[in-house]
Every structure is written in C-alpha cells, then in structure tokens.
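**Q** next come a sequence and a model predicted from it.
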Amino acid sequence: MFKQLSIVSVLIVAILYLLLFPSLLFFLDKPNASDLNRIAYSIVLSLSTATISTLIAMLIGIPASYALSRYDFFGKNFIDALLELPLVVSPLALGAIVLLFFNNPIGRWLANHGITPIFQISGIVVAQFITVIGVAIRMIKQAFDSVPKYYENVSRSLGANSFKAFTTVIIPLSKKGILAAFMVCFAKSIGEFGATLMIAGSMPFKTETVPIGIFLALSNANITRAVWLIVILTSIGLISLILSRRIIK
Amino acid sequence: MIELKELSLKRGAFKLSQISFYIKKGEIYLLLGDSGSGKTTTLELVAGFLKPDTGKIMIEDIDITNLPPNKRNIAYLPQKMSLFPHLSIEENILYGTKVRGITAEKDYYKMLVSRFGIEEILNSYPDAISGGQAQRAALARAMIVKPKLLLLDEPFSALHPSLRYELEDLLKSIVSEFNLRVLAVSHDIDEALHLANVISFLHKGSIIQTAKRNEIYFRPKTVEVARFFGIKNLFEGYIVASDKENLKIETVFGIIHAKTTHREKKLKPGENIIWGIHSDEVRIIRQEHKKERLNRLSGIVDNLFAHGQYWDLRFLYKDSTLHIKIPDFICERLKIEEKKAMEVELPPERIFIVKLD
C-alpha cells in the first residue's frame, strides 16, 4: 500500500510539470527582429557571466572544499554552516546585503576607487557567485569525502608532495563530482534572478540576463519574448541536469 | 637500522605512550593488538602522516621525525586494495618514480614485475584484476622506489586464507631476498605468527611485550597478552619453591612443576602469580601408560565441542576446568567421550608464569 502511495506521489509531481511546460507552447510565437536582438543579448550575457562566475566558484570552491574535507582548523564547523546560508536565504536578500555593503563606508571607499559591482555587468557575476559558491563547495566536498584518505597517504609515501598528491590522485578520483558541481552551478548561475536584480539592476541591453529578460518582458506584457526566454532557460537547466546526472553515473 | 625512540602522542582520549623499538634489515617487525591499541597510529607516525608530541624516529642515524611523508622514503601499504583506480597497473607501479621526476631502472622494473608474477596484467585496471594480483601489484609499486622501510597495515587480512598464506610467503621471501625492513600491524594472531620475526604487543597505547614470535606466543608476559592469544587456561597460584631450573607452584590442581626461564628467576617462594598453558600444549595420557610423570592429573571429560578439525575438550579436575584442544583423529583414536575418566599431563616446560603486580 505504501509502495503504491509513494509511486502515486511521484506521478502527481510528474503530471504537474508535464501540464505546466507544454502550456508554454500556446504562447510560442515568432519573435520580431527587436525581440530577437534582446533575446540574443540576454543569452550571450547569461552564458558568459555564468561561465565566469562558475569558473571563479570552482577556483575558490575546489581548495576550500579540500580544506573542509581533509583538515581540522579553528572555526571549521562555523564556516561549514555559513556556507549553507545561500541555500536557505533568499537570493534577493543576499543581493540586498551586497547592495547595502557598497553603501557603507568601506563599500563607498571601494566605489570611489572604481571597485563596485553595483549596476554593472560585474554585478551579475558577483550575484551569481554568491548564490552558487555554497552549492559548489557542498558538492565538491562530497566528492572529496568519497575518496578514501589512504589513496592520498600512499601517494605521499611514494614521494608525492601534498600538491602532487592532490593533482594526481584526489582530482582524478573526484573528477565526476567536480564536473557535476560545475554543471549544477552553471545552470543555477544562468537561472539566478533575485541577487542579480538587487546588485546589477534590470537595464535593457546592459544587465539583462535571461531571467531579468523574462521579468522585463512580462512587465511590458511581451509574452512572446518572455516565453522564448523561459523555454531557453528551462532547456539550459534541463540539459545541465541531464549532463550532471550522466557524469555522476 | 630504523629506530623509534620514546614516541608519544595524545589525541583526545587516546594516548600513545613511550613507543620504542628498532627494526633490522631483513626483518619483519609486527605490532599486534586490538583495534584502538595504537598500532595504526604508530604506523602513521612512522609514515609521517602524524607528528609525535615527543620522541624521535631515526633511519640509519638520521632524524626523520619532522620530515614530510614524501621525504622519508618509507613506502606505505594500507589495509584496503590501495591501487589507484584511475591508473593502469603499469602506471600504478611507476607512480612513485613519476612523481619523483625520475626514470625507473628498466631492469629493476622488469625484475619486480616478473618476481611478483604480474606481467600479464600490466595494461589492466585495478577493477579488472583479482585481490591477490592487486596486492602483488601494490607491493611492486611500493618496491619500485627502493624504500628504506615498508609499512604494511593489515595488508592481507581481507583475502582468503589460502591466498593470504601464499602472499605472506612471497613477502617473506622478498624481504629476505632484498634485505628489506618491514613494519606491519595486525590484529590477526595467525597473520602475526606466520609473518613476523619480532612481535610487539600493544595495549591501550603502550607496548606490553616485545619478543620473537615463538616466545610471545608460548611465554606471554601479561594476562592481556595471554588472553589476546586465546589462552583460556589461566590460573592463580603462589610459589612454593624455586631454584635455577624449577618452580613449584601451589594451585587448584595441587602442586604444579614448571621450568624456570630467565623471566622467572627472580620469583621467590610465597609470591602470588598467574600461571597458564596453551590448550594445545596439554598432553593426554593413555590409560595404560603407567610411567610416573610430573603434573599428571586424573579427571573426567566434562564437555566436547567441535571446532572444525579440532575439538575443544573441557577437562574437569575436582572443581576446576582445563581447556584442551585436540585434533579430530586423536579424539577418535583415544575414544574420548563426554563424562569418561581421562588423565592429562601439563609439561613443565610449557607452563608460563605471569607475575602479579
């Protein structure tokens, strides 16, 4: 009985999604030239900023995850909990924190020296980065945790220094987990909206990422552009999820 | 020579205290003990994965205590199959030379591959070979860097006994052939007795006894060591008389005679002791054998329990029980049955003494 009930629950969720997505087709119309330009701009901007923010998240996330996975240090548990914050706090609030930071004395000093992401394309990267770094570290740490410590010990005893042991044993053995983390972070970056709206704003042809584009299109009642952007966003997300699942397998 | 000098380490509630020993060339030195006794911690200290609070580790008079693992030239072989799964067997074997930026000596490499019988699997990956082949390859990988010491953390414990003995024999011949030094740890008595030249018994972070394998097995120094070796025949007694060669002990079995070894020379009459004998060292005397013997006891067979090809016989003498291990064929030949009378002898040279503190 429980088995049947649980399967029915899964089917309800599947039916819900299957009803929602095809409904987009009713509104799928041929976009005009101006819409096409804006859609293309949004796609290029989203892909490039998501690539940059994901690469930065990997660059910082890989050593950070390794430290959390392998070493004991002061404040480790606190930092570990802090990294969960972006997973539970609304991206809008996170973005607002960054916005307010650049309005405090330190932020203003930075802005006076040309360092500010507010209403800039760099703000999109910052917004995407702060929302995905927690996910990246969580996923990569899990990959590192699954590599038994003795492989590293054997490598070190055979003459590898810590960095060589890391690059020749740990990274190859957790490659799948790292690639999956990259795909998930990339998809999450592309879909990032709340923090981007707060930090970079919603300026057409400047900070108009795909999600911001959907927001602007719906605000102007341009359903065709909105639907195209939704279809593109959903497709990128789906492809990323499928790829990350394949990688993990 | 490799020497550990009074190594100590405290980690949480666990404390490793004053660990000292040395390993000579061509010797397999084994740390034996239960889990939590400190044997793996000692191995990790020697490998350089942990730093001791106090003490020194010397290799050929050079202090390596503060050197990182990659600078010690000590090869480590953990319990689980430790071949890197993303590398072929050949790449695994040559890993040590590759990370050191040196080229492996071709003749030495070929000789190792042939000595370990792994020529056929060089292009295979670890998931496609057997457990025995994996351990052979792991040993070859450890030896390619010509280590000054080989550390083995229960390397064969997960293997089938027949394969385990084969690999242990191979290791012993390799150690003697290459004049290697090996430090192994194990909780397995069979593995320890089959593999080691010298055994140190660790208990709660301290070495309780260090001796050659026969001595530690037949003459355990403490009750903990005796119990670890599965000795059930441990009894209280006190010394009635002692001289250079013999001891007389008052026991629940009456007066028992024992031979004096260097350890028991200091025992004096009136001292309380624990004495014991291995269950397979108790001799059964045929009824028709009338010759006068020391430590001859007459009692009854209380119980018989089958243990594979052996029987665990509980021999009842007055109110005290002796455990006797006898092979199946002897049990049959002597027609031993429960509740029947039987005579046994405790050979004086097989009785060991544990002095009470």
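**A** Yep, it's here.
**Q** mind listing what's buried in the longest helix belonging to chain B?
**A** Taking DSSP state H as the criterion, chain B has its longest helix at helix B:161-178. Neighbour counts over helix B:161-178 (16 or more other CB atoms under 10 Å in any protein chain shown) mark B:164-165, B:167-168, B:170-172, B:174-175 as buried. In this view, the C-beta of every residue, glycine as well, is placed from N, C-alpha and C.
**Q** point out the other helices and strands that it packs with.
**A** Here helix B:161-178 touches strand B:27-32, helix B:131-144, helix B:189-195, going by 3 or more CB pairs under 8 Å, 6 or more residues apart in numbering or on different chains; DSSP states H and E.
**Q** average pLDDT across the helix or strand just after the shortest one?
**A** Proceeding C-terminally, strand B:27-32 gives way to helix B:39-47 as the next helix or strand, assigned by DSSP states H and E. Taken as a whole, helix B:39-47 has an average pLDDT of 95.
**Q** which residues are contacting helix B:39-47?
**A** For helix B:39-47, the surrounding residues in contact (CB atoms under 8 Å, 6 or more residues apart in numbering or on different chains) are A:153, A:157, B:4, B:7, B:9, B:11, B:14, B:16, B:19, B:31-33, B:50-52, B:57, B:69, B:72, B:74, B:76, B:149, B:151, B:153, B:183, B:185-187, B:202, B:205.
**Q** using CSV, list the CA coordinates for the longest helix of chain B.
**A** The C-alpha trace of helix B:161-178 is given here as CSV (Å, rounded to 0.1, in the frame of the first residue of the first chain):
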residue,chain,number,x,y,z
PRO,B,161,43.3,-17.7,3.9
SER,B,162,45.0,-19.8,1.2
LEU,B,163,45.7,-16.7,-0.9
ARG,B,164,46.8,-14.9,2.3
TYR,B,165,49.4,-17.5,3.2
GLU,B,166,50.7,-17.5,-0.4
LEU,B,167,51.2,-13.7,-0.3
GLU,B,168,52.7,-13.8,3.2
ASP,B,169,55.2,-16.4,2.0
LEU,B,170,56.0,-14.3,-1.1
LEU,B,171,56.5,-11.2,1.2
LYS,B,172,58.8,-13.2,3.5
SER,B,173,61.0,-14.4,0.6
ILE,B,174,61.1,-10.8,-0.9
VAL,B,175,62.1,-9.4,2.5
SER,B,176,65.0,-11.8,2.8
GLU,B,177,66.0,-11.5,-0.9
PHE,B,178,66.1,-7.7,-0.9
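**Q** and it, what's its mean pLDDT?
**A** 89.
**Q** same for the helix or strand just after it, what does it pack against?
**A** The element immediately downstream of helix B:161-178 (helix or strand, assigned by DSSP H and E) is strand B:181-186. With contacts defined as 3+ CB pairs under 8 Å, 6+ apart, strand B:181-186 has these neighbours: strand B:14-23, strand B:27-32, helix B:39-47, strand B:149-153, helix B:189-195.
**Q** report the angle between the axes of strand B:181-186 and helix B:161-178?
**A** On the basis of axes from the mean of the first three to the mean of the last three CA atoms, to 10 degrees, strand B:181-186 is oriented at 160 degrees to helix B:161-178.
**Q** quick one: strands adjacent to strand B:181-186?
**A** strand B:27-32 (parallel), strand B:149-153 (parallel) (DSSP bridges).
**Q** up against chain B, what does chain A have?
**A** Neighbours of chain B within chain A, by CB under 8 Å from any CB of the partner chain: A:148, A:150-151, A:153-162, A:164, A:168-169, A:172-173.
**Q** now which of those would you call buried?
**A** In the residues of chain A next to chain B, the ones that pass as buried (16+ other CB under 10 Å) are A:150-151, A:153-160, A:162, A:164, A:168-169, A:173.
**Q** list the residues that contact residue B:97.
**A** Residues near residue B:97 by CB under 8 Å, 6+ apart: B:103-104, B:144-145.
**Q** in PyMOL, select just the buried ones from those.
**A** To isolate the buried members of the contacts of residue B:97 in PyMOL, using 16+ other CB under 10 Å:
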select buried, chain B and resi 104+144+145
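**Q** wasn't residue A:129 part of a helix?
**A** Yes: counting by DSSP: H, G, I helix; E, B strand; the rest coil, residue A:129 is part of a helix.
**Q** before we move on, the earlier item: residue A:233 is nearest to which of the strands paired with strand B:181-186?
**A** Closest to residue A:233 of those, according to CB to CB: strand B:149-153, at 51.7 Å.
**Q** near chain A, which residues of the stretch 51-200 of chain B show up?
**A** Within the stretch 51-200 of chain B, the residues that sit near chain A (CB under 8 Å from any CB) are B:68-70, B:72-80, B:82, B:84-86, B:95-96, B:99-100, B:141-142, B:145, B:151.
**Q** looking at the residues you listed, which are in helices?
**A** Reading helices off these with DSSP H, I get B:95-96, B:99, B:141-142.
**Q** mind putting those in CSV, pLDDT included?
**A** Below are those laid out as CSV (pLDDT from 0 to 100):
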residue, pLDDT
B:95, 97
B:96, 95
B:99, 94
B:141, 95
B:142, 94
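**Q** max pairwise distance over those: which two?
**A** Pairwise distances across these peak at 13.6 Å for B:99 and B:142 (criterion: CB to CB).
**Q** out of these two, which sits in the busier spot?
**A** residue B:142 (26 against 21; other CB atoms under 10 Å in any protein chain shown).
**Q** and residue 66, what does it touch?
**A** No chain in the question, so chain A it is. A:144, A:166, A:170 are the contacts of residue A:66 under CB under 8 Å, 6+ apart.
**Q** wrong one, I was asking about chain B
**A** residue B:51 are the contacts of residue B:66 under CB under 8 Å, 6+ apart.
**Q** picking up where we left off before, pipe the helices and strands packed on strand B:181-186 into CSV and attach distance to residue A:132 and mean neighbour count per row.
**A** Conversion of the helices and strands packed on strand B:181-186 to CSV gives the following (distance: least, CB to CB, whole Å; neighbours: other CB atoms under 10 Å in any protein chain shown):
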stretch, distance to residue A:132, mean neighbour count
strand B:14-23, 40, 18
strand B:27-32, 48, 24
helix B:39-47, 37, 23
strand B:149-153, 40, 24
helix B:189-195, 50, 19
